[in-house]
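> Need a 3D model of the sequence below.
(2 chains)
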Amino acid sequence: MGIGITHYVILSAILFCFGLFAIITRKNAVLVLMGVELVLNSANINFLAFARFNQINIEGHIAAIFVIMLAAIEVAVALAIVLNIYQNYKHINVDEIDSLKD
Amino acid sequence: MSGVGLITIAILILLLPLVSFAANIFFGKKIGRASGILATSILGLVLILSTIVFYFKVFTNFTPTVIGSGNTLIEISNKILQIKFTWIDLQSVHFKVGIGIDNLAAIMLVVVALISFLVHLFSIEYMAGDPRFSRYFAYLGLFTFSMNGIVLANNFLFMYIFWELVGISSYLLIGFWYEKKSAADAGKKAFLVNRVGDLGFFIGIMILYFSYGTLLFDDIFGSIAQGKLPFDSESVLTLAGIFVFCGAIGKSAQFPLHVWLPDAMEGPTPVSALIHAATMVAAGVYLTARVYVMFTASALSFIASIGAITALLAATIALTQVDFKRVLAYSTVSQLGYMIMSLGVGAYTMGFFHLVTHAWFKAALFLASGSVIHAMHHAAHHLGDHHTDPQDIRNMGGLRRTMPWTYRTFLFVTLAISGVPLTSGFLSKDGILAGTLAYAQLTGGWHWLIPIAGFGAAGLTAFYMFRLLIISFHGTPKTEVANHTKENNWIILLPLFVLSILSLWFFYSPNPFDAHQGWFPKAIVQPKSVVPEETQWEFLLINGYNQEKSHGVAERVPHHYLNEFEEAMHHAHYPAMILSLIIAGSGILFAFLFYQFKILNPDTIVKQFPFLYNLSFRKWYFDEIYNATVVAGTVGLAKISALFDLKVIDGLVNGAAWLTRNFGYFVGYFDLYVIDGLVNLVANVTGFFGSMVRYLQTGRVQTYVAFGVFGLILLIYFLL
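Numbers count the residues shown, from 1 in each chain, chains lettered A, B, ... in the order given. Model prediction:
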């Protein structure tokens, strides 16, 4: 039994769950961001897998490159937000930042 | 001069006094005493222009032409020079107006302009020192403008507008010294009483407008002549005539609306001469003459009766009055009654002739009384006497010596108004009396009362005028004030001279006993009646009268009579003349017997007939009757209305308010407890659930993500 599309999808799902787990449970904002990266990359795996196994088009690749680019931008913006949070709160503990409640 | 030129001059005549008014009202205070001279010079110019119009209109011929078409039309003929144009055009409704000069208007223009000019001149001296000097001249200008408007109007619209304008200028001038309560009241009275007559006039105009859709005299009379009657009824035509005549009753102070004119003497005396003796009050007569052709026989009988009643009634009142101006005022009312009576009986020419002659001598009488009052006033002022009434003839006497020139002019015009030969008054009054005799002869029955009233009033006029003359000018001065009077200067005397000279016979007729030989009857010819022939007196019909009917006289006498009435009037001329001479002569004789020679004592007669004396002295109780009926009725009605208002209307309003208020309370409580309760309930329930849901809102991003994922999983579960 060779490596088929099912494996890729399962890998992607596992990776997504790890990412989600990290986003929800980590206290450190940087770790939350890393979780986000994992989620994005799981999506990338899916794109590439479907592009590879269906042999139809190049859109999957382009979407993947687009996601990578998006991730880079997202990190840049998110890190800027984290830096600002740090400046205001002197920590980046996501648990204790609940001013959205107000 | 061409017809168009004359129309242009007429427009100038109309507008120049308005210029005087505007100049004096806006700049009068600044130019001070010069305002009087300015106004007088403008009026002098108006007088010259009026004389030009009069001369060319009455004594020259015009070739009939019609210039222009459509909206603006100039018609020139021997009968009338007129311009017509559309003033207001509202598609379906349009008002055509214009001005016209016929002989009637041309003569009237001169009367108005000359008397107005002389009164302006007189007033410069008489009103000198008055704090509202320039205002006075402004009002005079306004009056002259309005009066010329009435004279020149060739339609009911202009007639009515200027009619009301003379009413307002009369009101302003009667109440000129409004600090005096009696003057302010007299102004109000004149204005209100005139409104009563004007209401009738307005109704008359409305009847004609609804029937013919135009207000031009020519068009209305033309339609009537074609047999088109208002509401297809001859009685409505009669009624319309009587309604229009109501305006004349008010303005010319005819019975029963004569009560305002004597009170109008509260105004300055030159104003009384101009407005309340010579011109404005004659406007009623002028109107009656102007619309004469539309009166039916019944309307004419009504007019004649009103005139006769007024003539006699006012003459009896004048017998016992003691105020110099009031005697003259009642004399004016009486003479106006004469004119109206004359028009009513069909003596059209003589009625208007009397208007003209009366204007001169009555203006002279009033200006002479102004001269006397002025002198009395100054003498009283000089002596520091503030109690002697300068107008009461019982305070005068002996003025003949102190004021010789005033006396002489006054004497002359008194002769004229009494109808003594060689004066204009004789010519016109004689003609009127002949007319009434002819009328009574031709109609018979109760119409004989009209010449009786006419002759009676003639005798009474001679009596009371000489009574006035003798008491105030003859004898010895009754007060210190009268003794110290001085003759006035030439500014006051000149108008008296001019007006007295105009009361001589030769201005009107070369024969001092017969007016028919003069130019006047040729200039003023009775117009042809336009009403259906069966509603007019047969003897007034112009085309219905033929030579055979005149008892064969036509072949022998070169006279050509206009109608049967004129012939009868001609025959009645000598009886009327002799009778009126006897009656007027005995009136004068009795006046001398009573007051000059004191052979008869008026006091014993008063004691013998206290009722008659009181009736005359209290002016037939007209003021009391009107106070008790009309005034009290109006006040009573007002009180009832006030009571109704207070109890019923106010009660209703208060009841409505009470209901509204209580309903308001109810609604208020309902709002407070029910509506607000519901709203609060909803809010509370929402708040409760809100506080429940609030626990979900932690503010922590990770919780939200967890909820989001949870929601996503639920979605996937349910949708897939």
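
> C-alpha only now, for contacts and for neighbours.
OK.

> Contact residues of chain B facing chain A?
B:Q697, B:T698, B:G699, B:R700, B:V701, B:Q702, B:T703, B:V705, B:A706 (CA under 8 Å from any CA of the partner chain).

> residues contacting the last one?
What that stands for is B:A706. A:I24 (CA atoms under 8 Å, 6 or more residues apart in numbering or on different chains).

> ok, of the residues of chain B next to chain A, which one's closest to B:F688?
B:F688 lies nearest to B:Q697 out of those, by CA to CA, at 15.0 Å.

> quick one, what contacts that closest one?
For B:Q697, the residues meeting the contact criterion (CA under 8 Å, 6+ apart) are A:K101.

> And it, what's its pLDDT?
The confidence metric pLDDT takes the value 78 at B:Q697.

> B:M265: how many residues sit nearby?
Other residues lying near B:M265 total 25 when counted by other CA atoms under 10 Å in any protein chain shown.

> got it, and B:G5?
11.

> do the one 5 residues further on as well
Residues near B:A10, counting by other CA under 10 Å, number 24.

> Likewise for A:G4?
10.

> Could you measure from it over to chain B?
Summarising the geometry, the distance separating A:G4 from chain B, computed by CA to the nearest CA, to the nearest Å, is 24 Å.

> For chain B, which residues score under the pLDDT cut-off?
Regions of chain B meeting the criterion pLDDT under 70 cover residues B:543-560.

> so is the residue of it found nearest chain A in a helix, a strand, or just coil?
Across chain B, the shortest distance to chain A (CA to the nearest CA) belongs to B:G699, at 4.0 Å. For B:G699, the assignment made with DSSP: H, G, I helix; E, B strand; the rest coil gives coil.

> Just want the phi and psi numbers for it.
Note on B:G699: its backbone torsions stand at phi 90, psi 0 [degrees, to the nearest 10].

> tell me the contacts of the residue nearest the centre of chain B?
Most central residue of chain B, judged by C-alpha distance to the mean C-alpha position with CA atoms, centre = their mean, is B:K251 at 2.9 Å. By CA under 8 Å, 6+ apart, the contact set of B:K251 is B:N194, B:G197, B:M280, B:V281, B:A282, B:A283, B:G284.

> Swap in 6 Å and give it another go.
Residues near B:K251 by CA atoms under 6 Å, 6 or more residues apart in numbering or on different chains: B:V281, B:G284.

> quick one, helices of chain A?
Per DSSP state H, chain A has helices spanning A:5-25, A:29-54, A:59-89. These are given in chain order.

> before we move on, back to that, of the residues of chain B next to chain A - the most surrounded one?
The residues of chain B next to chain A, ranked by neighbours (other CA under 10 Å): first place B:Q702, 20 neighbours.

> Check whether it really touches A:I24, as I assumed.
Yes. At 4.9 Å, B:Q702 counts as touching A:I24 under the criterion of CA atoms under 6 Å.

> residues from chain A in reach of chain B?
The interface of chain A toward chain B, taken as CA under 6 Å from any CA of the partner chain, is made up of A:I24, A:D98, A:S99, A:L100, A:K101.

> how about the second one, phi and psi?
Dihedral pair for A:D98: phi -130, psi 30, per degrees, to the nearest 10.

> Just list the residues touching the closest residue to it other than its chain neighbours, thanks.
Closest residue to A:D98 in three dimensions, ignoring its sequence neighbours and counting by CA to CA, 6 or more residues apart in numbering or on different chains: B:G699, at 4.0 Å. Taking CA under 6 Å, 6+ apart as the criterion, B:G699 is in contact with A:D98, A:S99, A:L100, A:K101.

> quick one: low-confidence ranges for chain A?
If you take pLDDT under 70 as the line, chain A has these spans: A:1, A:55-57.

> same thing but 80
Scanning chain A for pLDDT under 80 picks out the ranges A:1-2, A:54-58, A:98-102.

> Tell me the spacing between the residue nearest to the centre of chain B and A:G60.
According to CA to CA, to the nearest Å, B:K251 and A:G60 sit 111 Å apart.

> Likewise for B:I9?
Here the distance between B:I9 and A:G60 works out to 107 Å (CA to CA).

> and the strand or helix carrying B:C246, how far out from the chain's middle?
According to DSSP states H and E, B:C246 maps onto helix B:234-251. Counting by CA atoms, centre = their mean, to the nearest Å, helix B:234-251 is centred 15 Å from the centre of its parent chain.

> What would it look like as CSV? C-alpha coordinates only.
The C-alpha coordinates for helix B:234-251 follow below in CSV (Å, rounded to 0.1, in the frame of the first residue of the first chain):
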residue,chain,number,x,y,z
GLU,B,234,-87.2,95.4,-13.7
SER,B,235,-87.6,95.5,-9.9
VAL,B,236,-84.0,94.4,-9.5
LEU,B,237,-83.0,97.2,-11.8
THR,B,238,-84.9,99.6,-9.6
LEU,B,239,-83.3,98.0,-6.6
ALA,B,240,-79.8,98.3,-8.0
GLY,B,241,-80.5,102.0,-8.7
ILE,B,242,-81.6,102.5,-5.1
PHE,B,243,-78.6,100.6,-3.8
VAL,B,244,-76.2,102.7,-5.8
PHE,B,245,-78.1,105.8,-4.6
CYS,B,246,-77.5,104.6,-1.0
GLY,B,247,-73.9,105.7,-1.5
ALA,B,248,-75.2,109.1,-2.3
ILE,B,249,-77.4,109.0,0.8
GLY,B,250,-74.4,108.5,3.0
LYS,B,251,-71.9,110.8,1.3
